[in-house]
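generate a structure from the sequence data that follows.
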Amino acid sequence: MSNSILPGHRLRGRGADSNLAGRFEATRRVAFDDGWDIAEEERTVRTELREERSRSAITWHKSPDLPFDRSINPYRGCEHGCIYCYARPSHAWLNLSPGLDFETRLIARPGIAAVLEDELRKPDYRVQPLAIGTNTDPYQPVEQDSRIMRQILGVLAAFRHPVWITTRGTTVERDIDLLAPMAADGLAAVSISVTTLDPDLARRMEPRAPAPKRRLQMIERLAGAGIPVRIQVSPLIPALTDHELEAVMQAGRDAGARFANSIPLRLPLEVADLFRRWIQTTFPDRAARVMGRVRELHGGKDYDPAFGTRMRGQGLWADLIHRRAELARRRLGLGSGLPPLRTDLFAPPPRAGDQLALF
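Model (predicted):
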């Protein structure tokens, strides 16, 4: 595989080591030395943040594999840089690379909270829980300054709208003041992703995400505030992290999680080549075994997008993993799904100038 990173650029703290063009681009980029380069000081590839004005806020889903039918994405791309991230191919729609571009050329969506408010006020809107963090992390590092997720939560709290959040970003703790009252009314729950308890492995796979110990502290602080927390052991990587399944669930339960789940590794589209390159470079002694087990999970292919099996896998190993997860949850007293949230409290707040009802 040819590299497309320009000479003189250092990939410090990044997951992908290539920036190959996405599937919709007509050209390919290949970096090479033509002999004319002037020696320069090595430069670290830095994060760029651009803005997008949103015409809609809610994304609607019809997948039978998902327990929700609507979601919001405050950002496109994710600085955490997880090499296995199934959302990487979404960057190709922007004519950006699912590789390094995905974690360095981010798109923020300021103003999306106001768009969401307009959508929630529509007469035909029917409330069901919104999912946030199902594509890219709403609490990735740029949220600290952008505060887009906090604005979204402010709208949902005002409307008394239920929300499920998935994250591994510590900034979620900043919003406990919003989430705790919502959770007390049965309107909010949070999933924290913990793929491994090994800090060195986590740093290699998820270079800019919080360390495993820090994520367990997040669970403890959220649970301590009365917020239902699920520990999400996802993705579970065969021959690399699968042996930690029970230990991660135990650590999550000890930190205060009340629910747990696990989804095997998925490698859609460009993610397969990126992950294969990473595992061959980082763990050459087990790369063949890991990729062989991945193909076993997905019917002999790197990935099978078929509904019903894409998030569960198929075959003996998939059955074994799900049986282990079920037994661990039972032993630890953990629920298997997402906590149910209330929808009967939904009430759009009055706007300035609205005529209030007399009764």
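
from now on I want contacts and neighbour counts done on CA atoms only, so please keep to that.
OK.

any buried residues in stretch 345-356, and which?
By 16 or more other CA atoms under 10 Å, the buried positions in stretch 345-356 come out as 346, 348.

now swap in stretch 108-118 and tell me
So for stretch 108-118, counting by 16+ other CA under 10 Å, buried means 108, 109, 110, 111, 112, 113, 114, 115, 116, 117.

got a list of what the fifth one touches?
Put plainly, it is residue 112. Residues in contact with residue 112 (CA atoms under 8 Å, 6 or more residues apart in numbering) are 53, 54, 56, 57, 74, 148, 152.

that older thread, in CSV, list the buried residues of stretch 108-118 along with distance to residue 65, pLDDT and secondary structure.
Output for the buried residues of stretch 108-118, formatted as CSV (distance: CA to CA, whole Å; pLDDT from 0 to 100; DSSP: H, G, I helix; E, B strand; the rest coil):
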residue, distance to residue 65, pLDDT, secondary structure
108, 28, 98, strand
109, 27, 98, coil
110, 30, 97, coil
111, 30, 97, coil
112, 27, 98, helix
113, 27, 98, helix
114, 30, 98, helix
115, 27, 98, helix
116, 25, 98, helix
117, 28, 98, helix
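
biggest separation within these, which pair?
Largest separation among the buried residues of stretch 108-118 by CA to CA: 108 and 117, giving 17.9 Å.

and residue 343, how far from residue 190?
As judged by CA to CA, to the nearest Å, residue 343 and residue 190 stand 17 Å apart.

can you check residue 279 too?
Here residue 279 is placed at a distance of 30 Å from residue 190 (CA to CA).

ok so, going back, between residue 343 and residue 190, which is the more surrounded one?
The residue with more neighbours, out of residue 343 and residue 190, is residue 190; 27 against 16, by other CA atoms under 10 Å.

beta partners for that one?
Judged by DSSP bridges, the bridge partners of residue 190 are residue 165, residue 229.

surely it meets residue 164?
Yes. Between residue 190 and residue 164 there is a contact under CA atoms under 8 Å: 5.9 Å.

common neighbours of the two, please.
Contacts common to residue 190 and residue 164, judged by CA under 8 Å, 6+ apart, are absent.

now do the contacts for residue 264.
By CA under 8 Å, 6+ apart, residue 264 lies in contact with 234, 235, 236, 237, 238, 311, 312, 313, 318.

inside helices: which ones of the residues you listed?
Secondary structure from DSSP state H places residue 318 of these in helices.

please enumerate the strands of the stretch 51-200 of the chain.
59-60, 70-72, 75-76, 105-108, 130-132, 163-167, 188-193 (DSSP state E, counting those that start in this stretch).

in CSV: the ones you listed, plus distance to residue 244.
Formatted as CSV, the strands of the stretch 51-200 of the chain follow (distance: least, CA to CA, whole Å):
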stretch, distance to residue 244
strand 59-60, 34
strand 70-72, 30
strand 75-76, 30
strand 105-108, 32
strand 130-132, 27
strand 163-167, 20
strand 188-193, 14
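
which one of those lies closest to residue 21?
Closest approach to residue 21 among the strands of the stretch 51-200 of the chain (CA to CA): strand 105-108, 13.6 Å.

same for the closest one, what does it pack against?
Contacts defined by 3 or more CA pairs under 8 Å, 6 or more residues apart in numbering; DSSP states H and E place strand 105-108 against strand 48-51, strand 75-76.
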